[in-house]
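Novice: Structure here, sequence nowhere to be found:
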DNA sequence: CGCCGAAGTGGCACGACGTGCCAATAAGGC
DNA sequence: GCCTTATTGGCACGTCGTGCCACTTCGGCG
């Protein structure tokens, strides 16, 4: 279905991710304020001009890391069994996306904690979630019968995204480990349940 | 209690608001991208250097207008009868803040619609709500008995803020009037009810 | 094999952004 | 009146982000 990305596209994505790692290391070390775009570029082995072809704003360089979880969430939700009620599918995919499986996911979650503490990166964080909410809205709509009230779908996407955002922020500013009590999964499940419990969408789509 | 602001402070706030109006007019006319900070400054009768003493980022110039409703909300909530259950107080103050009373409020809501359509201003919009969520968290905490679970309070603030944000965005991109069906009040009440219905905080604080 | 178009990269120049610094000015207290 | 304090404007500077053009790389095709 989804035509696999071309070779060049995958190389581009790899470069993107490598720049993101470099930027994250520099940002975590000195703070985003004190790092210039040129430094990130040179440390990544590319020119300044090329850096701005990958990211239009300096701070966005870490977006691929911050957005990784959300991407995975949407993907898991899309792939979940079609028979599953929307609400179950949403909760399960969220929980799974918060349980880092491969090394890349573990790494991304590790960086997230450091990056969230930098106020200069608040904007990227918000942008990432606005983007996530939008994507989620799309895939939820795909699961609902045509004609379903669009506002209800939007509210579901907003509630779910807000839940995960709050859970991650809460975790990042605590000293809880990434698994067990106080972990993103646990907080995420709790926030998600509370914020989505009152939605009428669940009644509309059985 | 709250010592009234000094004369100088009020002059400062007035200047701030006037710059905001000037910036909003320019942004709405040409888009934030095409307006330089220097233009806003000169059109406001101040120097560029002074402009940056009022707003550290060009786009923030319109923040006072976008934040006006949220400020009012928090204020109304604080002033609401102490006997009222938190949930009622929150819903009523939100509804009232979405029903523009004085001219300034009407004007702010009018600008909001234009400004929300400019993608370049998304960041300010998000920042304004992050700020609103924070303030709300504070005043809700003041109403709850000490020792109340902080996460529950945070979730309530996040849910309420998200509700209002979604309602305003939905309204701004529709052609609904600012009163009557499809109005911010109506959408706000509906979003608020759905997003806060599942919160455990209401059970915790009676 | 060599040619070729498409895509990616680097260098350069430029306007705009945002800040540190210092001098000039205005406001408020004694 | 004077003095202290806050606010303002001007200037210089480093950084940001983009338009433009020349150069390289790479996969396809005769």
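Specialist: Noted; the coordinates are in hand. In this text the structure is predicted, and so the values were computed from the model without any measurement. Residues are numbered from 1 along each chain as shown, chains lettered A, B, ... in the order given.
Novice: Whichever residue of chain A sits closest to DNA strand C - nearest residue in space that isn't next to it in sequence?
Specialist: Among the residues of chain A, residue A:50 lies closest to DNA strand C, at 3.0 Å counting by Cβ to the nearest atom of the strand. Glycine gets a C-beta too; all of them are placed from N, C-alpha and C. Spatial nearest neighbour of residue A:50, excluding adjacent residues (Cβ to Cβ, 6 or more residues apart in numbering or on different chains): residue A:41 at 6.9 Å.
Novice: what about that neighbour, how many residues close to it?
Specialist: Using other Cβ atoms under 10 Å in any protein chain shown, residue A:41 has 22 neighbouring residues.
Novice: can you pull the contacts of it?
Specialist: A:47-48, A:50-51 (Cβ atoms under 8 Å, 6 or more residues apart in numbering or on different chains).
Novice: same check, this time on residue A:180
Specialist: Each residue near residue A:180 by Cβ under 8 Å, 6+ apart is listed here: residue A:186.
Novice: what about it, which SS state?
Specialist: coil (DSSP: H, G, I helix; E, B strand; the rest coil).
Novice: How much space separates it from residue A:186?
Specialist: Here the criterion is Cβ to Cβ, to the nearest Å. By it, residue A:180 lies 8 Å from residue A:186.
Novice: Show me which residues of chain A sit near chain B.
Specialist: Neighbours of chain B within chain A, by Cβ under 8 Å from any Cβ of the partner chain: A:122-123, A:126-127, A:130, A:151-152, A:154-155, A:158-159, A:162, A:165-166, A:170, A:187, A:190-191, A:193-200.
Novice: List buried residues within these.
Specialist: A:123, A:126-127, A:151-152, A:154-155, A:158-159, A:162, A:165-166, A:170, A:187, A:190-191, A:194-200 (16 or more other Cβ atoms under 10 Å in any protein chain shown).
Novice: Which of those fall within helices?
Specialist: Residues from these lying in helices, with DSSP state H as the criterion: A:123, A:126-127, A:151-152, A:154-155, A:158-159, A:162, A:165-166, A:170, A:187, A:190-191, A:194-196.
Novice: Residues of chain A that sit close to DNA strand D?
Specialist: For chain A, the contact set with DNA strand D under Cβ under 7 Å from any atom of the strand comprises A:7, A:35-38, A:48-49, A:52, A:56-58.
Novice: What subset of those is buried?
Specialist: Buried among the residues of chain A next to DNA strand D by 16+ other Cβ under 10 Å: A:35, A:37, A:58.
Novice: Contacts only, for the last one.
Specialist: Just to be clear, that refers to residue A:58. Residue A:58 neighbours (Cβ under 8 Å, 6+ apart): A:32, A:35-37, A:40.
Novice: Under a three-state scheme, what state does the residue of chain A most remote from its centre occupy?
Specialist: When each C-alpha in chain A is compared with the mean C-alpha position (Cα atoms, centre = their mean), residue A:147 comes out farthest, at 28.4 Å. Per three-state DSSP, the secondary structure class of residue A:147 is coil.
Novice: With adjacent residues omitted, what lies nearest to residue A:150?
Specialist: Spatial nearest neighbour of residue A:150, chain neighbours left out: residue A:141 (7.5 Å); criterion: Cβ to Cβ, 6+ apart.
Novice: can you tell me how far that neighbour sits from DNA strand D?
Specialist: Between residue A:141 and DNA strand D the computed distance is 31 Å (Cβ to the nearest atom of the strand, to the nearest Å).
Novice: Determine whether any part of the helix or strand residue A:21 falls within lies close to DNA strand C.
Specialist: Using DSSP states H and E, residue A:21 falls within helix A:7-30. Yes: Helix A:7-30 lies within reach of DNA strand C by Cβ under 7 Å from any atom of the strand, at A:8-9, A:12, A:15.
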